[in-house]
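In: Sequence first, predicted model second:
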Amino acid sequence: MKNNKIIVAYSGGLDTSVMVKWLSQKYDAEIITVTGNLGQKEELDGLQEKVLATGASKFLLVDLQEEFITNYVWKALKAGALYEGVYPMATSIGRPLLAKLLVETAISEGADTIAHGCTGKGNDQVRFEVGIQTLAPHLNILAPLRTWEFKSREEEIEFAIKNNIPIKIKKDSPYSIDENLWGIAIECGILEDPTLPPPEDAFQITVDPKVAPDESETISIDFEKGEPVYLNGNKLSPIELVNELNQIGGKHGIGRMDLIENRVVGIKSREIYEAPAATILHKAHYELEKLVLDKDTFRFKQNISNTIANMIYDGLWFTPLFKALGSFVESTQENVSGEIIIEMYKGTLSVLSRHSEHSLYNKELATYSAEDAFDHKAAEGFLKIYGLPFKTISQVEMSNKQRIPT
Ligand code: ARG
């Protein structure tokens with residue numbers, strides 16, 4: 001009796017299509033593929049016929065868009081999580097959710113093994129495997145791309161043709177592209193040379209800022225407890241809001257990134273990203289936090305943001321520390337409600353207005369005009385005490401002749 005079942009993380013691309021056939025030849029197991037829809041624009045229709053013709057017994061397609069935005073993306077947004085200060089991590093945030101889908105599918109189908117199509121030097125293998133090990137330690141994991149015989153895309157295509165695997169050979173696209181609602185990652189081909197700027201054809205959803213409209217466009221975003229709810233006064237679903245901002249931002253050339261980044265496995269890679277909605281929302285959210293968070297919380301949160309970004313990037317979503325830091329972030333969002341107005345113009349974002357009922361900005365304290373209510377005289381006593389430890393250190397050093405007055 002054949003009792004092994006393998007759940008395959010299936011994207012519809014060349015690697016995972018070849019992988020289904022390869023697994024069916026190498027293992028005496030039933031193969032079930034599962035595809036998560038995170039809002040990738042790639043064709044998802046027709047995948048079922050293709051995969052069933054390739055050796056799988058079952059094809060599952062699960063729409064995860066809503067869960068992705070509300071339980072994953074919003075967490076990262078509220079955390080202010082930008083890897084190495086810039087990358088909003090569309091790919092990195094999507095992987096733990098896909099790992100959860102794979103585990104849930106393995107459990108509901110009674111499978112003992114999960115196979116994914118990540119390579120041995122990428123970050124995604126880390127996110128999948130750490131996620132799967134944490135959520136379901138009893139499952140086996142297979143990563144055929146790390147071990148199989150194919151050395152190039154051409155060899156995979158040859159195998160596909162030989163085995164009648166229906167593949168769509170894209171019109172010579174030299175790039176490897178990963179897309180979801182929160183953004184697009186583009187690598188490979190000419191992009192591997194960091195001395196060269198990315199060619200225009202690498203970009204998928206944004207226009208070159210130089211050719212963006214000459215008219216600027218202004219939008220308002222309303223947040224409730226750190227989550228964006230209204231766009232230009234209209235209440236939108238999370239998916240609609242992100243789609244809409246991708247569209248408007250893309251039109252104005254917002255959210256292009258060209259980065260050298262540090263991968264988990266220790267190599268540096270050159271990545272191009274497009275993330276208009278993420279760029280706009282991070283900017284607006286940060287701006288609102290500046291208005292409503294007290295100084296100590298704001299400063300402390302900046303360090304936490306960085307730690308959380310590293311943890312997301314490094315595949316540590318389902319860990320105790322990540323959960324604990326998430327609770328901290330959640331408690332900081334209590335008053336992050338209000339409206340930010342932003343102008344988009346040729347790839348740039350300018351904040352035109354910020355407003356919140358929880359604003360800690362007090363014009364009477366901040367003003368340099370006659371209405372000033374700040375007690376300037378009180379600063380004298382404050383500074384005597386605030387500078388006291390450093391004054392004491394210097395007095396001791398000078399009396400020891402460790403240094404002369406400067
Ligand atoms: N380097 C990015 C990350 O680790 C994106 C990788 C996306 N993959 C791709 N095939 N372009 O999050």
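Out: The structure has been received and is ready for your questions.
In: Near the ligand, which residues of the chain are found?
Out: Residues of the chain lying close to the ligand (C-beta under 6 Å from any ligand atom) are 89, 91, 92, 123, 176, 177, 178, 185, 187, 271. (Glycine included, C-beta is placed from N, CA and C.)
In: Verify the contact between the second one and residue 126 for me.
Out: What that stands for is residue 91. No: taking contacts as C-beta atoms under 8 Å, residue 91 lies outside contact range of residue 126: 11.8 Å.
In: higher neighbour count, those two?
Out: Legend: neighbour count by other C-beta atoms under 10 Å for residue 91 and residue 126, higher for residue 91 (23 against 19).
In: Which helix or strand contains the more buried one?
Out: helix 90-109 (DSSP states H and E).
In: Show me what whichever helix or strand comes after that helix packs onto, helices and strands only.
Out: Sequence order places strand 113-115 as the next helix or strand after helix 90-109, per DSSP H and E. Contacts defined by 3 or more C-beta pairs under 8 Å, 6 or more residues apart in numbering; DSSP states H and E place strand 113-115 against strand 5-9, helix 90-109, strand 140-142.
In: Dump the ones you listed to JSON lines, plus distance to residue 159.
Out: Converted to JSON lines, these look like this (distance: least, C-beta to C-beta, whole Å):
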{"stretch": "strand 5-9", "distance to residue 159": "16"}
{"stretch": "helix 90-109", "distance to residue 159": "24"}
{"stretch": "strand 140-142", "distance to residue 159": "17"}
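In: Look up how far residue 308 lies from the residue nearest to residue 5 when sequence neighbours are not counted.
Out: Once flanking residues are discounted, residue 5 sits nearest to residue 111: 3.7 Å by C-beta to C-beta, 6 or more residues apart in numbering. Going from residue 111 to residue 308 by C-beta to C-beta, to the nearest Å gives 32 Å.
In: Of those two, give the one with the bigger neighbour count.
Out: Per other C-beta under 10 Å, whichever of residue 111 and residue 308 has more neighbours is residue 308, with 27 against 23.
In: before we move on, back to that, let me have the residues of the chain next to the ligand in a markdown table, adding pLDDT as columns.
Out: Converted to a markdown table, those look like this (pLDDT from 0 to 100):
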| residue | pLDDT |
| --- | --- |
| 89 | 98 |
| 91 | 98 |
| 92 | 98 |
| 123 | 98 |
| 176 | 90 |
| 177 | 92 |
| 178 | 94 |
| 185 | 97 |
| 187 | 94 |
| 271 | 97 |
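In: Which two of these have the greatest separation?
Out: By the measure C-beta to C-beta, 89 and 176 form the most distant pair in the residues of the chain next to the ligand, at 17.0 Å.
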